[in-house]
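Student: Dropping the sequence and predicted coords here.
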Amino acid sequence: MKVETIATLALTVQRWGLYALVLVLPLSAYWRLSQPIVPEIHPLYSTLGLYLTDVVVGVVLLATFIANPGRGGQGRWTLPLMGLVALALLTVPLALSPPLALFTASQWVLAVALYVVLSQSDVPVPRIVGLFLMGLGFQVLVGLGQVVRQGPLGFPGEMALASGQMGASIIEVEGARWLRAYGLTFHPNVLGGFLSAGLLLGLPLLERLWARCLWWLLWLGLLLTFSRSAWVATALALPLTVGWLVWQRQPLRRALAQAFIGVGAVIVAGALLWPEQVATRWQPLIEVLQPGAPASGGTVVFSAEQTSLDARVAMNRLAREVALQRPFTGIGAGNFPLAMWSSTPDVPPQFVHNVPLLLAAEVGVLAGAIWLGMAVAALWHLARRRGRLGQWEVVALCAWLALFVVGLFDSYPWSLNAGRLLTVLVLALSRKDDSPQEELSP
């Protein structure tokens, strides 16, 4: 077979691999390659495994190497991402669990390699984003079914639990346990983060009716996740993104107005259908801002919400202590749940819900500074070149800033494989030039 034919075939495999990847990106389904390092820790945090997304990423990387073996990446985010990988690899020997640290570092390597491939890919951005939104639409439909049933639907790889099960992500309403929407993700907060990014990335497509209908469905899904961090991130990033599009994309203004009329209807309907759930999720913040002030309907702070917030305070305290004790080496990539297991027995072992703190604790304070610097760089780029940026670069940078905000309250934008791949996808799309709107079909 001729070299040109092999390269053409490899590019075809790469393109279809990327299509498959954006559809399965939210999944955390994996095959165990070892027993949990500590049985008391959730297997996803303490088990060496092969993710379904790893297989797809591997196919994409192999096809890219065959098609373009000498091509290198010089994207804006390559250096900071490689810095995180270097710190993860250098600190492996000093980790609490070197095998877990090495496995986690290898996952980071895969993510950075994917960033390089995505930033170089010739697949039009509208096509990638359109498929991504369609995949999220399916996730929302699954999540809606879970809310209606108050339990999993039985899909392969589904990680939702029945509302009565221990560990299920629920809201306590008048003594009853009400299940939030998971989709096929690991947690409703993860689904919320994906939907927040998808809503921002999908803005340039709203001239199309199908995209507006899909966008409204994603808003319903965002509401059903009841993810406070995703709500806040979307509320902060959306005005910036829409403001730029209204300023620079005059043909899109009418479509945006129509789209937000539908969004208003979704929000009003959600507030009328689930007022107690909304009030319960926000009540702890109301208590902080106005001690003694009751939430809507005179409800009280429920134990599940307060327990969650208390656990976050304990995790933040431990992360700061670890970062101060081991500022240059940390405790090893992916090792924070091990530190929790030995230091805070009253709180279930997990990753601290703050990415800069997590990176500082696991691989050193320099890693936390790199993460913060990436957000500052995105803001600086948006401000300095605001009149010269393309629409896809703007929405992707704003989606990255939304994930950064999420990462101040949740860890999954970097701690979980699905969230990490979402982060590099968004960063890679911010390096893309504008692509024709009509480039949507494979």
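Tutor: Perfect, I can see it now.
Student: low-scoring stretches of the stretch 101-250 of the chain, by residue?
Tutor: Across the stretch 101-250 of the chain, not a single residue meets the criterion (pLDDT under 70).
Student: Helices of that one, residue ranges please.
Tutor: 125-149, 188-201, 209-225, 228-248 (DSSP state H, counting those that start in this stretch).
Student: Pipe the ones you listed into CSV and attach distance to residue 345 and mean neighbour count per row.
Tutor: Yep, even glycine has a C-beta here, placed from its N, CA and C like the rest. Listed next are these as CSV, based on distance: least, CB to CB, whole Å; neighbours: other CB atoms under 10 Å:
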stretch, distance to residue 345, mean neighbour count
helix 125-149, 32, 21
helix 188-201, 24, 28
helix 209-225, 30, 21
helix 228-248, 26, 19
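Student: Could you pull up the contacting residues of the nearest residue to residue 109 once chain neighbours are set aside?
Tutor: With CB to CB, 6 or more residues apart in numbering as the criterion, residue 109 has its nearest non-adjacent residue at 5.6 Å, and that residue is residue 85. Under the criterion of CB atoms under 8 Å, 6 or more residues apart in numbering, the contact list for residue 85 reads 105, 108, 109, 112.
Student: again, but for residue 57
Tutor: With contacts taken as CB under 8 Å, 6+ apart, residue 57 has the following neighbours: 21, 110, 113, 114, 421.
Student: For these, which single residue is the most surrounded?
Tutor: Of all these, residue 421 has the most neighbours under the rule other CB atoms under 10 Å, reaching 26 neighbours.
Student: Would it be right to say that that residue lies in a helix?
Tutor: Yes - per DSSP: H, G, I helix; E, B strand; the rest coil, residue 421 lies within a helix segment.
Student: And residue 373, how far from residue 348?
Tutor: Taking CB to CB, to the nearest Å as the measure, residue 373 falls 32 Å from residue 348.
Student: do the same with residue 64
Tutor: As defined by CB to CB, residue 64 lies at a distance of 39 Å from residue 348.
Student: what about those two, which has more around it?
Tutor: For residue 64 against residue 348, the residue with the higher neighbour count under other CB under 10 Å is residue 64, and the figures read 24 against 15.
Student: Now render the helices of the stretch 101-250 of the chain as JSON lines, adding distance to residue 52.
Tutor: Formatted as JSON lines, those follow (distance: least, CB to CB, whole Å):
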{"stretch": "helix 125-149", "distance to residue 52": "13"}
{"stretch": "helix 188-201", "distance to residue 52": "15"}
{"stretch": "helix 209-225", "distance to residue 52": "21"}
{"stretch": "helix 228-248", "distance to residue 52": "23"}
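Student: looking at those, which is closest to residue 311?
Tutor: Nearest to residue 311, of all the helices of the stretch 101-250 of the chain, is helix 188-201, at 13.6 Å by CB to CB.
Student: Just want the angle from the closest one to helix 209-225.
Tutor: Here helix 188-201 points in a direction 150 degrees away from that of helix 209-225 (axes from the mean of the first three to the mean of the last three CA atoms, to 10 degrees).
Student: quick one, helix 188-201 and helix 125-149 angle?
Tutor: Using the same axes, to 10 degrees, the direction of helix 188-201 lies 140 degrees away from that of helix 125-149.
Student: which strands and helices sit next to helix 188-201?
Tutor: With contacts defined as 3 or more CB pairs under 8 Å, 6 or more residues apart in numbering; DSSP states H and E, the secondary structure elements packing on helix 188-201 are helix 125-149, helix 209-225, helix 228-248, helix 391-406, helix 412-415, helix 417-429.
Student: Kindly reformat these as JSON lines containing distance to residue 167.
Tutor: Conversion of the helices and strands packed on helix 188-201 to JSON lines gives the following (distance: least, CB to CB, whole Å):
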{"stretch": "helix 125-149", "distance to residue 167": "15"}
{"stretch": "helix 209-225", "distance to residue 167": "17"}
{"stretch": "helix 228-248", "distance to residue 167": "19"}
{"stretch": "helix 391-406", "distance to residue 167": "22"}
{"stretch": "helix 412-415", "distance to residue 167": "16"}
{"stretch": "helix 417-429", "distance to residue 167": "18"}
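Student: Among these, single out whichever gets nearest to residue 337.
Tutor: Smallest distance to residue 337 across the helices and strands packed on helix 188-201 (CB to CB): 9.3 Å, for helix 412-415.
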